[in-house]
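[1] sequence plus predicted model, see below.
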Amino acid sequence: MSILIKNGRVIDPANKIDAVLDILIQDNKISKVASHLQASAETIIDATNKIVAPGLVDMHVHLREPGREDKETVLSATAAAAKGGVTSVLAMPNTQPAMDCPKNIALLREIINQDAKVNVFICGAITRGRLGEKLNDILALKKAGVYALSDDGCSVDNDELMLEAFKKAKLAGLLTICHSEDKKLAQKGSINLGFNSTRLGLRGISNEAEYKRVRRDIQLADQAKAALHIAHVSCRESVEIIAQAKKKGILVTCETAPHYFALTDEALLGYDTNMKMNPPLRSKEDLAAIRQGLKKGVIDAIASDHAPHTENEKDIEFERAEFGVVGLETELSVGITELINQEVLGWPELIQKFCFNPARILGIERGKLTAGSFADVVIISEQESWIVERAGLVSKSKNSSFLGRSLKGLVDYTICNGEIVYQR
Ligand SMILES: [Zn+2]
């Protein structure tokens with residue numbers, strides 16, 4: 001198998017490349033990146049006027065399998081990923097059963113080996129059943145091949161237990177990903193606490209519920225000298241706290257999701273449950289802080305927090321509807337529309353946050369186009385626009401915040417391990 005991609009604008013922040021070049025792929029690896037490559041290949045792709053970048057590494061994805069195959073499966077989620085230009089995903093552990101022991105991880109791995117269209121890396125749970133009560137055997141999880149630890153969906157409330165988790169994770173050489181939320185402070189809210197929650201008569205979730213837990217998680221990780229990654233940062237105070245911690249040299253990284261730099265809680269005025277996620281869409285000031293955080297490098301990565309839910313779980317009264325939205329198929333286009341076209345980030349910075357930084361944070365050899373590395377590549381038409389439609393989504397669930405929206409940027413090809421896994 002060989003593929004020659006000709007004349008594209010190759011953007012590879014890991015190697016500080018942004019130039020019109022050709023790329024030769026042989027078998028599953030990048031063979032050469034150079035201008036005017038004279039080489040024969042079984043497949044030749046003309047990428048003139050297109051962006052050629054590493055495939056996206058999405059470090060926050062809920063595959064739902066095993067357990068909730070009515071929402072999504074490994075097959076449907078990775079097909080959605082391929083369509084969105086995503087070649088690697090980190091599977092969050094809140095499946096049924098949870099990824100809290102080697103046996104369950106082996107079960108998921110078997111499904112992945114059979115069905116996955118892109119690379120799937122597994123995140124193990126911190127506590128048994130993600131209940132926040134009993135620490136899992138973290139060394140055993142490491143041996144079973146997990147790439148990180150998280151109780152995502154929940155935070156471990158008990159400080160001592162969380163400190164112990166950081167210590168064990170450090171011993172195992174694993175990253176801990178924190179869903180930083182104080183559920184007591186969140187007071188069973190369903191949208192952002194503020195003017196709009198009052199106006200809608202809905203219970204609100206304060207910024208405090210997030211940033212106080214961000215602060216605690218950073219303190220505990222620092223005490224254990226362990227690496228931590230804060231998931232889905234949504235509010236201005238969190239950005240500030242993380243910026244301060246980075247200045248002090250604490251081993252903290254973080255991500256945000258496209259909806260936090262594209263939408264505010266104004267989007268909830270029609271009680272649209274596809275605008276309901278946790279953390280919630282915040283205020284204009286928070287959105288501006290997230291954009292600044294991306295620009296200044298405080299926010300390292302963009303991840304979808306792809307969270308599929310069935311119609312039955314979303315098309316009900318607002319406070320009973322599930323939290324979460326799908327995002328694999330729209331994240332790149334939302335990034336182009338909201339960050340590149342509004343001059344928040346340039347192309348190399350966007351690609352860095354979607355590809356190289358998450359790969360680096362997870363310690364995986366992806367997200368770059370270095371000769372000899374795995375051939376995970378996306379080819380993008382940046383000027384073309386499309387309308388997000390329910391029928392066009394390949395994910396099993398259609399709960400997108402961007403339905404009906406016109407977005408810029410279409411994926412023409414996604415290549416994963418040297419194979420074309422999606423072609424427009
Ligand atoms: Zn979460």
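    Nice, thanks for sending it over.
[2] for residue 231, see how far away the residue nearest the centre of the chain is.
    Per CA atoms, centre = their mean, the C-alpha nearest to the average position across the chain is that of residue 303, at 2.1 Å. For residue 303, the distance to residue 231 (CB to CB, to the nearest Å) stands at 8 Å. For glycine as for every other residue, the C-beta is placed from the backbone atoms N, C-alpha and C.
[3] find residues that contact each of the two.
    Counting by CB atoms under 8 Å, 6 or more residues apart in numbering, the residues touching both residue 303 and residue 231 are 60, 255.
[4] could I get the pLDDT score of whichever residue of the chain sits closest to the ion?
    Residue nearest to the ion within the chain: residue 179 (3.6 Å; CB to the ion). At residue 179, the predicted lDDT confidence score is 98.
[5] now do residue 107
    For residue 107, the pLDDT comes out at 97.
[6] and if you look at residue 1?
    Residue 1 is assigned 87 on the pLDDT scale.
[7] returning to what we had before: hmm, the residue of the chain closest to the ion is touching residue 157, no?
    No - the pair residue 179 / residue 157 is not scored as a contact, 11.6 Å apart, by CB atoms under 8 Å.
[8] so between these two, which is more surrounded?
    residue 179 (24 against 15; other CB atoms under 10 Å).
[9] okay, strands next: where are they in the stretch 251-400 of the chain?
    Along the stretch 251-400 of the chain, the segments classed as strands by DSSP state E, counting those that start in this stretch run 252-256, 301-302, 377-387.
[10] export those as a markdown table, with columns for mean pLDDT, distance to the ion and mean neighbour count.
    Below are those laid out as a markdown table (pLDDT from 0 to 100; distance: least, CB to the ion, whole Å; neighbours: other CB atoms under 10 Å):
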| stretch | mean pLDDT | distance to the ion | mean neighbour count |
| --- | --- | --- | --- |
| strand 252-256 | 98 | 10 | 25 |
| strand 301-302 | 98 | 14 | 29 |
| strand 377-387 | 97 | 25 | 19 |
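[11] wait, which of those strands is closest to residue 21?
    strand 377-387 (12.1 Å; CB to CB).
[12] so after the closest one, what's the next helix or strand?
    Using DSSP states H and E, the helix or strand that follows strand 377-387 in sequence is strand 406-416.
[13] and for the helix or strand just after that next one, what's in contact with it?
    Next helix or strand after strand 406-416 toward the C-terminus (DSSP H and E): strand 419-423. With CB under 8 Å, 6+ apart as the test, strand 419-423 has contacts from 1, 3, 28, 43, 79, 82-83, 85, 87, 117-118, 411-415.
[14] if anything else comes up later, I'll come back, but that's it for now.
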